[in-house]
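Chemist: this is the structure alone, sequence omitted:
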């Protein structure tokens with residue numbers, strides 16, 4: 001007898017008997033489960049296939065169910081699950097249906113793909129948090145134009161269904177997230193997006209991380225890795241539809257934004273601390289083609305006493321794609337090179353591609369083991385005729401993942417490289433129509449970056465002493481736990497290619513007179529007269545990103561490459577980046593502990609100010625700094641909105657301004673508008689040329705006008721000893737009434753408070 005039937009046989013025993021597995025209910029042939037993961041988090045599944053409804057969460061979810069503090073009861077015709085924070089109510093009767101006693105005439109020809117299930121989530125005060133309006137689980141069919149999906153299903157694969165759900169959406173709801181979708185709006189409300197990795201998306205690469213946070217006290221994590229279409233706020237509803245699945249599966253996290261991020265961290269894993277070098281400056285271009293060239297760049301930084309930490313060797317350092325070697329004609333002694341660079345306090349990162357061509361030394365090994373992303377007949381997927389770079393290894397296969405890392409270790413770690421650029425993690429060969437070890441690529445379209453970065457991270461943790469540092473293009477749920485910087489997706493560690501990846505056009509006519517003279521940088525910029533201006537503005541913006549990394553297809557790409565007018569400005573911001581390291585590194589610790597990104601939209605900190613709901617050209621960088629990049633050529637000023645509820649200080653002039661208004665801010669070419677929130681405490685470090693150098697706290701800036709606090713964090717910067725409690729924190733607290741900064745915990749500076757603490761006026 002199914003547990004749900006016991007409701008009518010042994011109602012007094014129902015809650016205890018039912019609770020062993022969470023709510024598991026039958027609704028007109030559908031199985032519904034509701035499983036708690038915390039007092040404010042539930043996992044909901046609905047399926048016409050009972051075994052799929054009862055299966056655990058999908059890839060990227062690492063948490064275990066936790067029923068502590070929850071209880072179940074039958075209330076009328078509903079089953080209700082309660083904690084101190086939430087009530088989840090499940091019914092089987094549609095209260096909107098007409099009580100006619102017979103089916104409507106239209107049902108002879110048109111019917112839904114799934115039975116009605118009433119599900120609502122209510123807050124402790126009785127107010128509605130979220131309501132399920134409907135769900136679908138439809139076999140591929142011609143009416144929905146989904147029949148083509150069956151072409152991607154092999155006979156032994158699980159049945160394909162297009163699955164989806166529709167939820168209530170309040171008229172004033174704002175929705176944020178879903179990865180990286182470069183469509184010029186921040187608030188998803190009123191828009192439809194396709195959550196799918198797409199390197200060729202019109203506005204720049206799109207990356208699917210199906211997690212949305214809202215201003216209505218909840219976040220929703222959509223647990224399906226296939227390509228998903230999400231629509232927000234249309235007809236007062238939010239709708240998620242995935243191409244392939246065997247169930248509807250989603251998590252709801254209740255609470256404010258901070259609770260929503262903590263819930264995401266609980267479900268998918270924390271954000272490890274990166275090596276301290278990753279918070280400094282990462283120098284790269286497409287591409288350093290020889291050992292001599294890279295060493296010359298390193299000496300160029302050190303001879304100029306400019307700070308820099310990581311040097312990156314991009315692709316085609318090898319003799320063949322997949323050969324995993326270094327061309328001896330250009331890289332005659334990588335071990336000696338790395339020894340020299342380490343002696344100069346540089347870390348080195350090298351690009352490792354998952355591609356193998358038939359001519360390389362490893363292709364046959366991968367082929368013979370069946371480790372390639374492949375077609376239904378087992379043939380490795382490739383990009384011919386135009387993409388001749390071979391086939392991608394399938395790191396969803398644990399044996400392939402282990403072998404891939406060991407090959408990286410034996411060929412690159414053995415040469416002294418510290419970290420890895422895991423390029424093309426979408427992958428470049430889209431998996432629809434192909435197959436992974438875990439199943440059809442159409443069903444598991446978005447999971448490759450999770451597995452691929454995980455293969456390298458797991459190997460680095462096992463075989464290397466220093467913390468893992470990986471650079472990757474695409475991301476997915478849980479990938480933030482893999483010690484990775486993404487140049488996509490809104491994960492806590494995120495960066496851009498400062499200067500842009502693409503090569504420059506032969507000639508470009510600026511809209512306005514360039515703010516920097518390009519005449520002494522012609523070898524780099526050619527006829528692109530305003531490129532030194534563009535690069536400088538981008539470099540300023542990059543200073544205030546979680547990771548500061550330059551890249552691009554230009555002959556030279558160092559701070560001295562863009563002319564004598566640009567060079568001192570770039571140097572100014574490079575030094576500022578290193579002065580901010582104590583603040584940045586502490587933000588990394590905060591992200592580790594809370595899951596919150598430290599580059600984030602204004603809505604997260606100022607949700608009560610309706611004016612910030614869709615401001616996408618300003619952001620908070622940690623709790624203190626509001627950054628407003630210059631994105632228009634020739635601009636020397638811009639309008640900046642300062643959120644209400646606080647005063648603000650101009651970072652450069654210390655002018656104090658009331659919030660809740662727009663201000664016109666001067667922005668000459670050497671200035672990016674930055675404001676500091678009143679009550680902020682910003683620790684600044686002494687001048688260093690590398691994070692290998694000992695950096696002291698040179699100054700603690702306090703911006704009065706409100707009480708404030710900041711946790712200053714420090715550890716060895718290299719190992720995972722912090723995970724075992726080997727770190728120091730200093731709690732800094734500013735009392736505005738007393739006009740005094742107090743600090744407890746580890747001693748953070750050697751001088752007197754009077755010599756270090758600077759109250760800004």
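Modeler: That came in fine, so what should we check first? Worth saying up front: this structure is predicted, and the values here are computed from it rather than measured.
Chemist: could I get the full set of strands for the stretch 451-600 of the chain?
Modeler: Counting by DSSP state E, counting those that start in this stretch, the stretch 451-600 of the chain has these strands, from start to end: 470-472, 484-486, 507-508, 527-528, 548-549, 599-600.
Chemist: mean pLDDT lowest for which of those?
Modeler: Of all the strands of the stretch 451-600 of the chain, strand 507-508 carries the lowest average pLDDT, namely a mean of 92.
Chemist: and the contacts of it?
Modeler: Applying C-beta atoms under 8 Å, 6 or more residues apart in numbering, the contact partners of strand 507-508 are 526-531. All C-beta spots, glycine's among them, are computed from the backbone N, C-alpha and C.
Chemist: stretch 632-645 now?
Modeler: In this structure, residues lying in contact with stretch 632-645 by C-beta under 8 Å, 6+ apart are 510-515, 530, 533-534, 602, 605-606, 608-609, 611-612, 615, 618, 626, 628, 630, 648, 657-669, 673, 675.
Chemist: in helices only, show me those residues.
Modeler: With helices identified by DSSP state H, the entries of the contacts of stretch 632-645 that belong to them are 533-534, 602, 605.
Chemist: which of those lies closest to residue 368?
Modeler: Ranking the ones in helices among the contacts of stretch 632-645 by separation from residue 368, with C-beta to C-beta as the measure, puts residue 534 on top at 49.0 Å.
Chemist: low-confidence ranges, the chain, go.
Modeler: Low-confidence regions of the chain, defined here as pLDDT under 70, cover residues 1-21, 95-103, 490.
Chemist: quick check, central residue of it?
Modeler: Central residue check for the chain by C-alpha atoms, centre = their mean: the C-alpha nearest the mean position is that of residue 491, 2.0 Å away.
Chemist: who's in contact with that one?
Modeler: With contact taken as C-beta under 8 Å, 6+ apart, residue 491 is in contact with 209, 271, 475, 479-480, 484, 597.
Chemist: now these as CSV including neighbour count and distance to residue 39?
Modeler: Supplementary listing: the contacts of residue 491 in CSV, determined by neighbours: other C-beta atoms under 10 Å; distance: C-beta to C-beta, whole Å:
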residue, neighbour count, distance to residue 39
209, 31, 25
271, 26, 23
475, 30, 28
479, 29, 27
480, 30, 24
484, 27, 30
597, 23, 24
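Chemist: mind listing the strands for the stretch 201-350 of the chain?
Modeler: Taking DSSP E, counting those that start in this stretch as the criterion, the stretch 201-350 of the chain contains strands spanning 207-214, 218-222, 228-234, 237-245, 248-254, 281-283, 310-313, 347-352.
Chemist: off-centre distance for the shortest one?
Modeler: Read it as strand 281-283. With C-alpha atoms, centre = their mean, to the nearest Å as the basis, the distance from the averaged C-alpha position of strand 281-283 to the chain average is 20 Å.
Chemist: pairing partners for it, with directions?
Modeler: strand 310-313 (parallel), strand 548-549 (parallel) (DSSP bridges).
Chemist: equivalent analysis for the fourth one, please.
Modeler: Counting by DSSP bridges, the strands paired with strand 237-245 are strand 161-168 (antiparallel), strand 228-234 (antiparallel).
Chemist: run through who's touching that strand.
Modeler: The contact list for strand 237-245, computed with C-beta under 8 Å, 6+ apart, reads 133, 136-137, 146, 149, 152, 160-169, 173, 175, 210, 212, 220, 222, 224, 226-232, 250, 440, 442-443, 445.
Chemist: skipping adjacent residues, who's closest to residue 473 in space?
Modeler: Once its chain neighbours are removed from consideration, residue 473 has its nearest residue in residue 425; the separation is 5.3 Å (C-beta to C-beta, 6 or more residues apart in numbering).
Chemist: who's in contact with that neighbour?
Modeler: Listed by C-beta under 8 Å, 6+ apart, the contact set of residue 425 reads 354, 448-449, 452-453, 472-475.
Chemist: with distance to residue 496 added, can I get these in JSON lines?
Modeler: What follows is the contacts of residue 425, written out as JSON lines (distance: C-beta to C-beta, whole Å):
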{"residue": "354", "distance to residue 496": "23"}
{"residue": "448", "distance to residue 496": "22"}
{"residue": "449", "distance to residue 496": "17"}
{"residue": "452", "distance to residue 496": "21"}
{"residue": "453", "distance to residue 496": "19"}
{"residue": "472", "distance to residue 496": "14"}
{"residue": "473", "distance to residue 496": "12"}
{"residue": "474", "distance to residue 496": "15"}
{"residue": "475", "distance to residue 496": "14"}
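Chemist: nearest to residue 66 among the residues you listed?
Modeler: Checking the contacts of residue 425 against residue 66 with C-beta to C-beta, the nearest one is residue 475 at 26.2 Å.
Chemist: how about the closest one: what's its closest non-neighbour residue?
Modeler: residue 489 (3.9 Å).
Chemist: and that neighbour, how far from residue 106?
Modeler: When C-beta to C-beta, to the nearest Å is applied, the distance between residue 489 and residue 106 equals 43 Å.
Chemist: so for these two, which sits in the more crowded spot?
Modeler: Comparing residue 489 with residue 106 by other C-beta atoms under 10 Å, the one with more neighbours is residue 489, at 26 against 8.
Chemist: surely the more buried one and residue 211 touch.
Modeler: No - at 10.0 Å, residue 489 does not count as touching residue 211 under the criterion of C-beta atoms under 8 Å.
Chemist: give me the common contacts of these two.
Modeler: With C-beta under 8 Å, 6+ apart applied, the overlap between the contact sets of residue 489 and residue 211 consists of residue 179.
Chemist: give the other helices and strands that the lengthiest helix in the chain contacts.
Modeler: Longest helix of the chain, by residue count under DSSP H: helix 448-463. Using 3 or more C-beta pairs under 8 Å, 6 or more residues apart in numbering; DSSP states H and E as the contact criterion, the secondary-structure elements in contact with helix 448-463 are helix 398-411, strand 419-422, strand 470-472.
Chemist: quick one: strands adjacent to the second one?
Modeler: Partners of strand 419-422 in the sheet, by DSSP bridges, are strand 347-352 (parallel), strand 470-472 (parallel).
Chemist: which one of these is the most hemmed in?
Modeler: Here the criterion is mean neighbour count by mean count of other C-beta atoms under 10 Å, and of the strands paired with strand 419-422 the winner is strand 470-472, at a mean of 26.
Chemist: look up how far residue 307 lies from residue 687.
Modeler: Applying C-beta to C-beta, one obtains 8 Å for the distance of residue 687 from residue 307.
Chemist: compare the two (neighbour count), which wins?
Modeler: Set residue 687 next to residue 307 and count neighbours by other C-beta under 10 Å: residue 307 wins out with 23 against 13.
Chemist: not counting its neighbours along the chain, what's nearest that one?
Modeler: If the residues on either side of it in the chain are set aside, residue 307 comes closest to residue 578, at 4.4 Å by C-beta to C-beta, 6+ apart.
Chemist: what's the burial count for residue 509?
Modeler: A count of neighbours around residue 509, defined by other C-beta under 10 Å, yields 8.
Chemist: and it, backbone torsions?
Modeler: With angles defined as degrees, to the nearest 10, residue 509 sits at phi -100, psi 110.
Chemist: could you check how far it is from residue 525?
Modeler: Distance from residue 509 to residue 525, counting by C-beta to C-beta: 13 Å.
Chemist: ok, residue 263 next?
Modeler: Counting by C-beta to C-beta - residue 263 and residue 525 are separated by 47 Å.
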